[in-house]
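Colleague: Let's see this in three dimensions:
(one chain, ligands or ions: 1)
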Amino acid sequence: MALAPAGQELDRLSFVTAWLCLPLLAGTLLIGPLHVRRTGRLPGNHLVRRDLGIWCVITGMVHFFLAFKVSMNLEYMALYVHGADAWPAPPIRELMYRWAVLASLAIAVLFVLLLALSNNLAIRLLGNRWWKRLQRASYPAFALTAVHTIAFQILEARTLWLVAAFVAITAAVLIAQYAGRARLRNSRDT
Ligand code: HEM
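Modeller: This is a model prediction of the structure:
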């Protein structure tokens, strides 16, 4: 924010919090597979994962509120949606924008649910089975965040290194989750 051009401090904070939220969310989904790799079992209530998750929701929600302010207005629409002359064409851009915003609303609901689950009281009240089931809301939250990120990376024509960072983070989560599941299946079969 200190380095942002005058008048763009909030845009900068929105961008930075979005980019803090993404690796934190990925981190929460990497801990399970890493634990399975080490122990052959799924983790229960993992405290580091809980901490990462809480910070992910805090940063994500700061971005959520800021982005509503800085990106849901006529100026933004004129610059990146209706008035942009880069690929893709404005009607497609409008569709992408609409779905990206809808995805963000769904993510916010899932984040609130996940935050409510991030304490011992929730585990005691729900029991392990239901707590674990509801905690799987982190998967759709990650999938929707990926969709939202792709849409805004296209709309704002992000630089190659930001696209590469997103691809690397998403690939790490997908590969780790796949490997974790394969490892669990193998240890159940033997
Ligand atoms: C909790 C919900 C949300 C999450 C997890 C989330 C996540 C992200 C992520 C990871 C990026 C980085 C993509 C990039 O620009 O390279 C991003 C960018 C962006 N998001 Fe969100 N987002 C959320 C809600 C929203 C909402 C409600 C809006 C309102 C329109 C929004 C608008 C934007 C915009 C305009 C960008 C481009 C970068 C910027 O200027 O901040 N996001 N978001």
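Colleague: what residues are up against the spatially most central residue of the chain?
Modeller: Taking C-alpha atoms, centre = their mean, the centroid of the chain lies closest to Thr145, which sits 4.0 Å from it. Thr145 makes contact with 21-22, 25, 60, 103, 107 under the criterion C-beta atoms under 8 Å, 6 or more residues apart in numbering. No exception for glycine: its C-beta is placed from N, CA and C like everyone else's.
Colleague: hmm, try it at 7 Å
Modeller: Neighbour list for Thr145: 22, 25, 107 [criterion: C-beta atoms under 7 Å, 6 or more residues apart in numbering].
Colleague: likewise Leu144?
Modeller: Contacts of Leu144 by C-beta under 7 Å, 6+ apart are 103, 106-107.
Colleague: returning to that earlier point: in terms of helices and strands, where is the residue nearest to the centre of the chain?
Modeller: Element membership of Thr145 [criterion: DSSP states H and E] is helix 138-155.
Colleague: how about that helix: buried residues?
Modeller: Neighbour-count burial for helix 138-155 flags 138, 141-142, 144-152, 154-155 (criterion: 16 or more other C-beta atoms under 10 Å).
Colleague: Report whether it contacts the ligand.
Modeller: Yes - residues of helix 138-155 contacting the ligand under C-beta under 6 Å from any ligand atom: 145, 148-149, 152-153.
Colleague: Report the buried residues of the helix or strand that that helix is followed by.
Modeller: Note on helix 138-155: by DSSP H and E, the next helix or strand toward the C-terminus is helix 160-189. Across helix 160-189, burial judged by 16+ other C-beta under 10 Å covers 166, 169-170, 172-173, 176-177, 180, 183-184.
Colleague: farthest-separated two in those?
Modeller: Phe166 and Leu184 (27.3 Å; C-beta to C-beta).
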